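Enquirer: when you get a sec, could you give me coordinates for this:
(chains A, B and C)
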Amino acid sequence: MSTMTINLKIWRQKNSNDPGHFEDYKLDDVNEHMSFLEMLDVLNENLIKEGTDPVEFDYDCREGICGSCNLVINGRAHGPKHMTAVCQLHMREYNNGDTIVIEPPRAAAFPVIKDLVVDRSAFDRIIEAGGYVSVKTGAAPEANLIPVPQDTSNIAFDYATCIGCGACVAACPNSSASLFTGAKIAHLNSLPQGQPERDKRTIAMVNQMEKEGFGDCSNFAECEAVCPVGISIASIAEMRKDYVKAIF
Amino acid sequence: MPSFTEALQSQVGRKILTGLTGIFLVLFIIFHLGGNLAILGEPDAMNRYSMFLHDMGPLLWIARIGLLAVFVIHAWLGISIWLRKRKARPNNYAVYSSKGGPSKQGLSSRSMAFTGVVLLIFVIFHINTFALGETQTVMIDGQETHDIKSLVIDTFENSALYAFGYAFVMLLLGTHLGHGIWSAFTSLTLSSKKASAVVYTIGVLLAIVLAVGFLFIPLYIYFGGGCDAALINCN
Amino acid sequence: MKLDPKIPSGPLEEKWNRHKNEINLVSPNNKRKHHIIVVGTGLAGASAAASLAELGYNVSAFCIQDSGRRAHSIAAQGGINAAKNYQNDGDSVWRLFYDTIKGGDYRSREANVYRLAENSNNIIDQAVAQGVPFGREYGGLLDNRSFGGAQVSRTFYSRGQTGQQLLLGAYQAMMKEVHSGKIKYFPRHEMLDLVVVDGKARGIISRDLVSGEVMKFQADAVVLCTGGYGNVFYLSTNAKNSNVTAAWRCHKRGAAFANPCFVQIHPTCIPVSGDYQSKLTLMSESLRNDGRVWVPKKKGDKRPPNEIPEDERYYYLEERYPSFGNLVPRDVASRNAKMVTDDGMGVGSSGLAVYLDFRDAIKRDGEDVIRAKYGNLFDMYQNITDENPYKTPMRIFPAVHYTMGGLWVDYNLMSNIPGLFVAGEANFSDHGANRLGASALMQGLSDGYFIVPYTIGDYLAGNDVPKISTDHDAFKEAESTASGQLDKLLAVKGDKTIIEFHRELGKIMWDKVGISRSKEGLESAVEEIRNLRDEFWQNVRVPGEKNYYNKYLEFAARVADYFELAELMALDALDRNESCGCHLRDEYQTEEGEAIRNDKDYSYVSAWEYLGVNGKLETKLHKEPLEFEFVELKQRSYK
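Expert: The predicted structure follows:
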């Protein structure tokens, strides 16, 4: 098992009012099987022992599904690997002596709380605007009453698998939230259960996305490249189609 | 439900409108290139083409105003998207790089605002030079008309600045269209997950053909020596 | 302390319906006047918050994550059980009930489990209507897969992300009510105490994790849906923020803690690779449908797995349990993994792993079929271990996964503190001594969608809950207790980090209160926990301050609670002189290593009352006898 020395350049920011700055750290004995976040845990253990405030970053499940983690590493959301959330990134991707720059996702709609932790409640509000099927508990019909073609169900699943991490926003040169919004619209609008509210949902979510201060989509498709679950930009096309249908 | 105009101003509406106007402009550019290539045809082909346009009378003006409107809308949308992007990310990354793979980020897509603005300025010069420029008259079929062909040849034969300047801007046009054509199709949802790669390739090829088509003429006139050039027949 | 389970009378099949017909109702006009706090937004919390708001109650929903969608329910992979019998394989509510109560080794209430099985079908209907994309057959109807502990195929799934899809369904239902204004939503908030006024739960103390402010919230009832306490072991499959604090603080306010020693150790996790490890990753149990578990017959055999010939492989589950084979319940699979590794047959560099081999399944069905079923799990395994499971067998080992124990509740899911309801993994109610696969999602949603919304109405209609203000002394006292504990932690300024203490505590728990337990080991665990706890309070170093975002301060407070809970778990395990479900006492097993249950002396729920911590945990055991009228208690056999 090989160990390495890693140089870190990490964004430190006390709170949303602080302008923030980079801080350099050096970490020895990094094990290649460590996850990236475990490497940061070790850094924090060292900082705590030195009496310095540890680096704050968001994480929870550490298995790539909760969507809490969202670091931008050397300019790439979730780091160098495709289809990988940063909690699933391992240090074997790096070499001895590498310098790694870690920044928070940068977007006006995601204000920094502390260091690498940002406020993504804008995503909650986009869902709140219409990302649901209005079915009251107990009012549901028998599950097999409406058959859903397997392909349709699979497509809906592919969109529904979004983990809401915000990497799409972080990576988009325009800070657009179109992939996130499009994915939820495409998920619900593709299913028979989502039809009654299709138009209302599409309009409301698109409007909310704009209101939150996310930028426009310029079809860079960078969002798809960084998405840890590989949501396709076809979801954005679905959103546009349904938006046009809703208007006419 | 938002009204139609409100819908046009939404993020989705803006993008669809950008795509629509973009495709219209691409169609115009293809048409324009056809006119330019007339310089390589029969001696009076280009001026005939010019005369044909002028003979359209009010229709030409409607077309001109329509084209101008489309162009202005496209430019305005592009600039407003760029301004919003600045607002949406007030603090930039210290390090930023594309992750590759399905990403369409590159020189072309990242420079859309820049190439767009250059094209906007260029168009003003271009209209000033050729549409409003002083021309000789020439007789065709007993009718007096502008000798646009001579103006073009004179302009490019005698000025390295014009010849190379035009060629350079046409490279930027190609760069703009490299992302633009694909993006327009995508915005208009005419692309799909499966067709994406094909649409992108066709877009890039079309952009190359258009850019090469346009930049060929000024350079050819300059290096070929105007009417002395093999493919240009002045008499 | 009085523990009345309040189980309705009558035949098992009629209890729940009869109960619903008889309980008090709150009229629509009056519902509007009530305020209910829901803590936690996992499956139980989000579904309860949404359902209560739909009924007309004013709800405040709290969660520690930055969004309700991140609760750890999201990580459940395999599926959710329901007795739909779509496969025509003879399934029924009764069979689901029977499998679940047998799977729990007869340490749960018949009435609760039966109700769970009854509700299971409604959950599937609800989820489908919400747009949850379950796996479907070509004809467009819902598909099922099989899971451990059952001989029918009744598990509904969304590829390997069933928990995610069900949680997003519940989260979206909750956000719909946030939009309607019936739910006030408090993400990045951590409950630090329960406020009890005149013996009733009347509010919570919560810390805004962004500003650090400790705040008071008043309500007519509190629903605790804060999950399990598996992280007491430090390494577990739980999310890093999963914790016992909210439940433990309720315990300290008088709520009984039931069966704390019942901890499920999941058999199919990726083995530990080093000291730096922060968590363990589960591989869905569904893998056991096609994977075969084996170890080399020869002790210490270091050959690569593919070079070990067939006759030198020990398919220990298939050999010992011919009728269930690799699909034995989780506790049985975990215990057997421990036995073979204890015998020196373990594999991998640490010797603490067994193989889960897909060679034969790939040979039988082709790699494409296996990829379609488990592709994402295989990718995850390869990403973590850097090994290709299509070519080399996976290495797996048990890991702490779920806690069946939790706050004691009656049939109405109300704790012994009136007005404090507990739902989902946070309560002890339905899984007995062992939970079957695909039952956690079922329980969380059954509690949240279909039980609490009814029973809370019964409580509010039948009890006087006068208006009170957060200026009440009880609120002030709870606020200063919560705030004071944070100050106390920050003031220690010792030399050892929180994680170092937590890791040490976890090691004691894993070694002595883990897969198998002995009287001797448990007694020494109690001693070690007490000593380490004392050291913690003298030597922990908590960085920063409390008036801003400070994750390590959150951790410190949680670890402080684990130190008390850990002792209770060991004491509970010591009290239970039998082996049942996941609780294996070395002294009570057959020569072949099968558990010996003692129904005569231990057919009860252990409900512990908190009396204080003074060097040692002062606690008092209350017993709720378990009566079985409808099923015959048998020695569980999967042979």
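Enquirer: what about residue C:295, which SS state?
Expert: strand (DSSP: H, G, I helix; E, B strand; the rest coil).
Enquirer: where do the helices sit along chain B?
Expert: B:4-9, B:11-37, B:45-55, B:58-88, B:107-110, B:112-126, B:148-158, B:160-187, B:196-224 (DSSP state H).
Enquirer: any chance of these in JSON lines, plus mean pLDDT?
Expert: As requested, the helices of chain B are exported to JSON lines (pLDDT from 0 to 100):
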{"stretch": "helix B:4-9", "mean pLDDT": "88"}
{"stretch": "helix B:11-37", "mean pLDDT": "95"}
{"stretch": "helix B:45-55", "mean pLDDT": "91"}
{"stretch": "helix B:58-88", "mean pLDDT": "95"}
{"stretch": "helix B:107-110", "mean pLDDT": "94"}
{"stretch": "helix B:112-126", "mean pLDDT": "95"}
{"stretch": "helix B:148-158", "mean pLDDT": "93"}
{"stretch": "helix B:160-187", "mean pLDDT": "96"}
{"stretch": "helix B:196-224", "mean pLDDT": "94"}
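Enquirer: may I see the ones you listed organised as JSON lines, with mean neighbour count added?
Expert: Placement of C-beta: from N, CA and C, glycine included. Formatted as JSON lines, those follow (neighbours: other CB atoms under 10 Å in any protein chain shown):
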{"stretch": "helix B:4-9", "mean neighbour count": "14"}
{"stretch": "helix B:11-37", "mean neighbour count": "19"}
{"stretch": "helix B:45-55", "mean neighbour count": "17"}
{"stretch": "helix B:58-88", "mean neighbour count": "15"}
{"stretch": "helix B:107-110", "mean neighbour count": "17"}
{"stretch": "helix B:112-126", "mean neighbour count": "16"}
{"stretch": "helix B:148-158", "mean neighbour count": "20"}
{"stretch": "helix B:160-187", "mean neighbour count": "21"}
{"stretch": "helix B:196-224", "mean neighbour count": "18"}
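Enquirer: now those in JSON lines, with distance to chain A?
Expert: Below are the helices of chain B laid out as JSON lines (distance: least, CB to the nearest CB, whole Å):
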{"stretch": "helix B:4-9", "distance to chain A": "5"}
{"stretch": "helix B:11-37", "distance to chain A": "4"}
{"stretch": "helix B:45-55", "distance to chain A": "34"}
{"stretch": "helix B:58-88", "distance to chain A": "3"}
{"stretch": "helix B:107-110", "distance to chain A": "5"}
{"stretch": "helix B:112-126", "distance to chain A": "7"}
{"stretch": "helix B:148-158", "distance to chain A": "34"}
{"stretch": "helix B:160-187", "distance to chain A": "4"}
{"stretch": "helix B:196-224", "distance to chain A": "8"}
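Enquirer: looking at chain B, which residue reaches furthest from the middle?
Expert: residue B:1 (36.1 Å; CA atoms, centre = their mean).
Enquirer: for that residue, which non-adjacent residue is closest in space?
Expert: residue A:203 (6.5 Å; CB to CB, 6 or more residues apart in numbering or on different chains).
Enquirer: dump the residue contacts of the residue of the stretch 301-450 of chain C at minimum distance from chain B.
Expert: Among the residues of the stretch 301-450 of chain C, residue C:379 lies closest to chain B, at 15.8 Å counting by CB to the nearest CB. Residues counted as contacts of residue C:379 (CB atoms under 8 Å, 6 or more residues apart in numbering or on different chains) are residue A:83.
Enquirer: what of residue B:24?
Expert: residue B:70.
Enquirer: those helices in the stretch 351-500 of chain C, which residues are they?
Expert: C:359-365, C:367-385, C:440-445, C:452-462, C:473-492, C:498-512 (DSSP state H, counting those that start in this stretch).
Enquirer: and what of chain A?
Expert: A:36-50, A:121-130, A:150-160, A:167-171, A:178-189, A:198-211, A:222-226, A:234-247.
Enquirer: can you tell me which of those comes nearest to residue C:167?
Expert: With CB to CB, the closest approach to residue C:167 among the helices of chain A belongs to helix A:150-160: 11.2 Å.
Enquirer: which parts of that closest one are buried?
Expert: A:150, A:152-153, A:155-160 (16 or more other CB atoms under 10 Å in any protein chain shown).
Enquirer: what about it, near chain C?
Expert: Yes: using CB under 8 Å from any CB of the partner chain, helix A:150-160 reaches chain C at A:150, A:153-154, A:156-157, A:160.
Enquirer: mind putting the residues you listed in CSV, distance to chain B included?
Expert: Formatted as CSV, the residues of helix A:150-160 next to chain C follow (distance: CB to the nearest CB, whole Å):
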residue, distance to chain B
A:150, 18
A:153, 17
A:154, 13
A:156, 14
A:157, 15
A:160, 16
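Enquirer: farthest pair in those?
Expert: A:150 and A:160 (15.0 Å).
Enquirer: wait, what's in contact with residue C:542?
Expert: Contacts of residue C:542 by CB under 8 Å, 6+ apart are C:489-490, C:492-493, C:498, C:552-553, C:556.
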